[in-house]
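# Structure, please.
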Amino acid sequence: MEKNTAHLIEDCRSGKRTSQLALYKQYARWLYVVCLRITGNQEEAEEAMQDSFLKIFSRLDQYHDDQCFEAWMHRIAIHTAIDYVRKQKPEWEEIPDNYAEPEPDRPDEEQIRYSVALVKEGMKKLAAGYRVILSLYLFEGYDMEEIASILNIQPPSVRSQYLRAKRKLLEIIGVN
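Numbering: from 1, shown residues only. Here you go, the predicted model:
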């Protein structure tokens, strides 16, 4: 971590408002984008980002200097954004234990190049549950078991929802 950020963290722990504002300005845009990918809604992303900062500032005593500060903030923002999606009541589909994995998708998406704008627009059109799982897996780097733990659903349900979300996104952006 750079010295300036470490200094800001210490000043924030002391309650200095100017340091809180400086830390906010340094990370607000980044955390907003994280929240937007999860919520899919600009207003909710803004609120989730603001709430994330409130949690960050109130929990700085829980942050340890040997941790990666950005990763610590990222986790708080992810969980806060998921809380906003839960308020929307997305429908999570539970899959029975004897569920068989579906066949791999066709066409092979690794061979297809999408424009970033097209994918972003398609993500906005997905149902909240699909958008959350795709965002956590594709953009935030969580694995299926971590997503299941975060969302309190079974890993087979996460895998099924992920595959369905991927198919739906391909359908939305016009790849069959």
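
# Could you list the low-confidence segments of the protein?
Filtered on pLDDT under 70, the chain yields the residue ranges 1, 89-116, 175-176.

# By residue count, what's the longest helix in it?
helix 17-39 (DSSP state H).

# tell me which residues of that helix are tucked away?
Across helix 17-39, burial judged by 16 or more other C-beta atoms under 10 Å covers 19-20, 22-24, 27-28, 31-32, 34-39. Yep, even glycine has a C-beta here, placed from its N, CA and C like the rest.

# Excluding sequence neighbours, find me the nearest residue to residue 131.
If the residues on either side of it in the chain are set aside, residue 131 comes closest to residue 40, at 4.8 Å by C-beta to C-beta, 6 or more residues apart in numbering.

# give the contact list for residue 84.
Contact partners of residue 84, counting by C-beta atoms under 8 Å, 6 or more residues apart in numbering, are 35, 38-39, 44, 47-48.

# Need the max-distance pair from these.
Distances among these were taken as C-beta to C-beta; the most separated pair is 38 and 47, at 12.1 Å.

# what's the burial count for the residue nearest to residue 131?
Residues lying near residue 40 (other C-beta atoms under 10 Å) number 24.

# what's the spacing between it and residue 21?
Applying C-beta to C-beta, to the nearest Å, the value for residue 40 to residue 21 is 28 Å.

# how much space between residue 134 and residue 119?
For residue 134, the distance to residue 119 equals 10 Å [C-beta to C-beta].

# Compare the two and say which is more crowded by neighbours.
For residue 134 and residue 119, the more surrounded residue by other C-beta under 10 Å is residue 134, and the numbers stand at 22 against 15.

# so what's the more buried one closest to, chain neighbours aside?
Leaving aside its sequence neighbours, residue 134 is closest to residue 165 (4.7 Å, by C-beta to C-beta, 6+ apart).

# buried residues in the one helix or strand residue 79 maps to?
Here residue 79, judged by DSSP states H and E, is contained in helix 69-87. Applying a neighbour-count criterion of 16+ other C-beta under 10 Å, one finds 69, 72-74, 76-78, 80-82, 84-85 buried in helix 69-87.

# how distant is it from the center of its chain?
7 Å (C-alpha atoms, centre = their mean, to the nearest Å).

# and the helix or strand that contains residue 166, what does it pack onto?
Secondary-structure assignment from DSSP H and E places residue 166 in helix 155-172. Packed against helix 155-172, as judged by 3 or more C-beta pairs under 8 Å, 6 or more residues apart in numbering; DSSP states H and E, are the following elements: helix 116-125, helix 128-134, helix 144-151.
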